[in-house]
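Q: Structure of the sequence below:
(chains A and B)
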Amino acid sequence: MLAIDVAGLVVDYGTVRAVDGLCLQARKGEVLVVLGPNGAGKTTTVEVCEGYRRPTAGSVRVLGLDPARDGKELNARIGVMLQRGGVYPAMTPAQVLALFATYYDNPVPPGDLIATVGLTRAAKTPWRRLSGGEQQRLSLALALIGRPEVAFLDEPTAGVDPDGRLAIRAIVERMRDTGVCVVVTTHELAEAERLADRLVILDAGRAVAEGTPAEITAAAPAPGGQSAASGVRFSAPEGIDTGALGAALGSPVEEVRPGRYRIDGHDGDLATLTAALAAWLAERRLALTDLHAGGAGGGGLEEAYLRITAASAQSRHSGNGGSP
Amino acid sequence: MRALTGQLRAELGMTLRRGESVLLTLGIPVMLLVFFSTVHVLPTTTRHPIAFLAPGILALAVMSTSMVSLGIATGFERGYGVLKRLKTTPLGRGRLMVAKMAGVIAIEVVQVVVLVVVSLVLGWAPHAQIGALVAAIVLGTTGFAGLGLLMAGTLRAEATLALANAVYLVLLLLGGMIVPLGKLPSALAGAARVLPAAALSDALHGAFGFGGGIPAEAWIVLVAWGLAAPVAAAFLFRWE
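A: Next comes the predicted model:
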């Protein structure tokens, strides 16, 4: 059975259509990351699944239940991590977890959970005096305490230090390995790539790409009509003469972002190309600070994401609706 | 049941740890009671001001707990996203509200005990009708809690804080709690009589045998607010 099955979801806020015919599925034992620019409909979609909002149209099933109708039954089986707040400011992590433990039939012992999320030293500090990262860890612990079958984590690593990110990633992986369906919304691409079994990219309330990180990277449209995977990408000082470099290499060069370049349409020997690139830059005393030659991954998701969302925005403006 | 008792314990713990709410629910009523019953500056029309003051201050105590303290705490919980977070736990909104009301009643029991003991020490000799007393306090609590939750569920937390305190002050003066309504200009007294504060203090005065029985209009006003305010709160309350 699918843990989450969203079909044809439409959510309107007054005259604004926040979600526009979205389909989304997630299984148990899977980490689904929902990516997208601000206003893409990520939080709205997740809040419909959590039972906070009613859909304008479409069907939403979480563990086979309708969140708008079966909230009482569903609340015992899901865990929710809100983006901000949600905790009594005067309560300490130990107190809040002890309180939440009374809500569930078979809670994780609060003491164990405090150790798991790394809050042992802050266990007796009121919420309002915790750091941003500590507050995030406590919010995550509150999502876990009821041993959920589906966990919704909204921006779980926002404001968290590198140690905390490692801890949160380990917790998410352990949940997945014990059969939990974990839905993470984020706009941090690096985090998304590390966490996700599957990714859905939303734009303007629609899913514009879906698949594993590698599939999305490979399938992203490139300007030359090729997939992103076949290009060579490098970093160098911004504003180099891409026309001259392209002529020297025999392949067009594009500055995709300041200081970030890609070579398209290259079909010759990779060794010759990279040597020629390095030589051309060295002659001009320009440092080559990063190089990815072919293949998916290696920072590819970021570029794929930018291309997919840009293509989606373009097709919206040209008036032919959304992308598939 | 475990969730309900857990929530009730948490609600009470937070209330008792908030200095301003202890000041509001116990400190101020006790201070007013002691001050005005020993310093005879009020036009209470009686040789024993405590006989007028004790029921009035009990009405004030009920209002401070069920409207001001409950409203402000709930308003901030809504502002901090606590109510939103609790919505997706098995506690549910029903049990949250039951825990909050049980917390209000528990605080009121403490208030009644403290204020009655202080009043007896100050020479109070009441003839209480327990049934009418309990009915008046329950109706008053329901109406004031409805008003507090109406503010908490529709306004920003800071606005609830300001408005609840302003209404508290106005009703303290127009509620027949320390100043008898008969001493107010008649138009003002007439307006005050349809407000829940005056109705509650009238009912409590009557229930403690001060100035005859409980006027029927006090019951009518108490019942009307006890129904209208919670219903309005239930319909207009926004959880986020």
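Q: make it CA atoms for all contacts and neighbour counts henceforth
A: Will do.
Q: doesn't residue A:118 fall inside a strand?
A: No - read with DSSP: H, G, I helix; E, B strand; the rest coil, residue A:118 is coil and lies in no strand.
Q: wait, what's in contact with it?
A: Shown in contact with residue A:118 (CA atoms under 8 Å, 6 or more residues apart in numbering or on different chains): A:137, A:167.
Q: What is the burial count for residue 182?
A: Since no chain was named, I'll use chain A. Residues lying near residue A:182 (other CA atoms under 10 Å in any protein chain shown) number 30.
Q: I was after chain B.
A: 14.
Q: Tell me the spacing between it and residue B:190.
A: Distance of residue B:182 to residue B:190, computed by CA to CA, to the nearest Å: 10 Å.
Q: Sketch out the low-pLDDT regions of the chain for me.
A: You didn't say which chain, so I picked chain A. A:220-231, A:265-268, A:294-299, A:319-324 (pLDDT under 70).
Q: Not quite, go with chain B.
A: Low-confidence segments of chain B (pLDDT under 70): B:43-47.
Q: tell me the centre residue of it?
A: With distances taken as CA atoms, centre = their mean, the residue of chain B nearest its centroid is residue B:63 (1.6 Å).
Q: Tell me who's in contact with the closest residue to that one other than its chain neighbours.
A: Spatially, and ignoring its direct neighbours in sequence, residue B:63 is nearest to residue B:144 (6.1 Å; CA to CA, 6 or more residues apart in numbering or on different chains). Neighbour list for residue B:144: B:63, B:66, B:67, B:196, B:225, B:226, B:229 [criterion: CA under 8 Å, 6+ apart].
Q: in terms of contact, does the third one touch residue B:151 like I think?
A: No - taking CA atoms under 8 Å as the contact criterion, residue B:67 and residue B:151 are not neighbours in contact, 9.2 Å apart.
Q: Scan chain B for its longest helix.
A: helix B:92-121 (DSSP state H).
Q: other SSEs contacting that one?
A: helix B:2-17, helix B:28-38, helix B:49-63, helix B:82-87 (3 or more CA pairs under 8 Å, 6 or more residues apart in numbering or on different chains; DSSP states H and E).
Q: Skipping its backbone neighbours, what lies nearest the residue lying farthest from the centre of chain B in space?
A: No residue in chain B sits farther from the centre than residue B:88, which is 30.6 Å out by CA atoms, centre = their mean. Leaving out its chain neighbours, the residue that sits closest to residue B:88 by CA to CA, 6+ apart is residue A:75, at 5.3 Å.
Q: hmm, back to that, put together CSV for the contacts of residue B:144, with secondary structure on each row.
A: Formatted as CSV, these follow (three-state DSSP):
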residue, secondary structure
B:63, helix
B:66, helix
B:67, helix
B:196, helix
B:225, helix
B:226, helix
B:229, helix
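Q: which among these end up buried?
A: For the contacts of residue B:144, a burial check counting by 16 or more other CA atoms under 10 Å in any protein chain shown picks out B:63, B:66, B:67, B:196, B:225, B:226, B:229.
Q: Just the closest of the residues you listed to residue B:217, please.
A: Closest approach to residue B:217 among the buried ones among the contacts of residue B:144 (CA to CA): residue B:196, at 11.1 Å.
Q: OK, contacts around the closest one?
A: So, once contact is read as CA under 8 Å, 6+ apart, residue B:196 ends up touching B:140, B:143, B:144, B:175, B:221, B:222, B:225.
Q: tell me the domain ranges of chain A?
A: Using automatic domain parsing, the domain parsing of chain A gives A:4-216, A:223-315.
Q: Comparing the ones you listed, which stretch has the densest surroundings?
A: By mean neighbour count, with neighbours taken as mean count of other CA atoms under 10 Å in any protein chain shown, domain A:4-216 ranks first of the domains of chain A at a mean of 20.
Q: What residues does residue B:237 make contact with?
A: The contact partners of residue B:237, taken as CA under 8 Å, 6+ apart, are B:149, B:150, B:152, B:153, B:154.
Q: Quickly note the distance from residue A:71 to residue A:54.
A: Applying CA to CA, the value for residue A:71 to residue A:54 is 12 Å.
Q: what do you get for residue B:173?
A: 45 Å.
Q: Could you tell me how many residues sit around residue B:187?
A: Close neighbours of residue B:187, defined as other CA under 10 Å, add up to 8.
Q: buried stuff in the helix or strand hosting it?
A: Using DSSP states H and E, residue B:187 sits in helix B:186-193. Across helix B:186-193, burial judged by 16+ other CA under 10 Å covers B:189, B:192, B:193.
Q: can you pull the contacts of residue 76?
A: All of this is about chain A. By CA under 8 Å, 6+ apart, residue A:76 lies in contact with A:104, A:146, A:148, B:89, B:90.
Q: Not quite, go with chain B.
A: Applying CA under 8 Å, 6+ apart, one finds that residue B:76 lies in contact with B:152, B:157, B:158.
Q: Dump the residues you listed to a markdown table, plus neighbour count and distance to chain A.
A: Converted to a markdown table, the contacts of residue B:76 look like this (neighbours: other CA atoms under 10 Å in any protein chain shown; distance: CA to the nearest CA, whole Å):
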| residue | neighbour count | distance to chain A |
| --- | --- | --- |
| B:152 | 32 | 16 |
| B:157 | 22 | 14 |
| B:158 | 14 | 15 |
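Q: how big is the angle separating the longest helix of chain B from helix B:28-38?
A: Computed with axes from the mean of the first three to the mean of the last three CA atoms, to 10 degrees, the direction of helix B:92-121 lies at 20 degrees from that of helix B:28-38.
Q: what's the distance between helix B:92-121 and the middle of its chain?
A: In terms of CA atoms, centre = their mean, to the nearest Å, the centre of helix B:92-121 is set 10 Å apart from its chain centre.
Q: Around chain A, pick out the residues from chain B.
A: Residues of chain B lying close to chain A (CA under 8 Å from any CA of the partner chain) are B:2-3, B:6-7, B:10, B:14, B:77, B:80-86, B:88-92.
Q: Going through those residues, which ones are buried?
A: B:3, B:6-7, B:10, B:14, B:77, B:80-86, B:88-92.
Q: Strands of the stretch 151-300 of chain A, start to end?
A: Assigned by DSSP state E, counting those that start in this stretch, the stretch 151-300 of chain A shows strands spanning A:181-186, A:198-203, A:206-211, A:232-235, A:253-257, A:260-263, A:290-293.
Q: which helices and strands sit right next to the first one?
A: The criterion is 3+ CA pairs under 8 Å, 6+ apart, and the helices and strands that strand A:181-186 contacts are strand A:31-35, strand A:150-154, helix A:162-177.
Q: and residue A:59, that one's in a strand?
A: Yes - counting by three-state DSSP, residue A:59 falls inside a strand.
Q: Return the residues in contact with it.
A: With contact set as CA under 8 Å, 6+ apart, residue A:59 has these partners: A:6, A:7, A:8, A:9.
Q: let's see it at 6 Å
A: Counting by CA atoms under 6 Å, 6 or more residues apart in numbering or on different chains, residue A:59 touches A:6, A:7.
Q: The helix or strand hosting residue B:78: how far from the chain's middle?
A: According to DSSP H and E, residue B:78 maps onto helix B:70-79. Mean C-alpha position of helix B:70-79 versus that of the full chain (CA atoms, centre = their mean) differs by 16 Å.
Q: same check, this time on stretch A:125-138
A: Offset of stretch A:125-138 from its chain centre (CA atoms, centre = their mean): 23 Å.
Q: Could you export that stretch as PDB, CA atoms only?
A: Extracted C-alpha coordinates of stretch A:125-138, given in PDB (Å, rounded to 0.1, in the frame of the first residue of the first chain):
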ATOM      1  CA  THR A 125      16.900  24.700  29.100                       C
ATOM      2  CA  PRO A 126      13.600  26.400  28.300                       C
ATOM      3  CA  TRP A 127      12.700  26.300  24.600                       C
ATOM      4  CA  ARG A 128      13.000  30.100  24.300                       C
ATOM      5  CA  ARG A 129      16.700  30.000  25.300                       C
ATOM      6  CA  LEU A 130      17.600  27.100  23.000                       C
ATOM      7  CA  SER A 131      19.700  27.900  19.800                       C
ATOM      8  CA  GLY A 132      18.000  27.600  16.500                       C
ATOM      9  CA  GLY A 133      19.600  24.300  15.800                       C
ATOM     10  CA  GLU A 134      18.600  22.900  19.200                       C
ATOM     11  CA  GLN A 135      15.000  24.000  18.600                       C
ATOM     12  CA  GLN A 136      15.100  22.100  15.300                       C
ATOM     13  CA  ARG A 137      16.400  19.000  17.000                       C
ATOM     14  CA  LEU A 138      13.600  19.200  19.600                       C
END
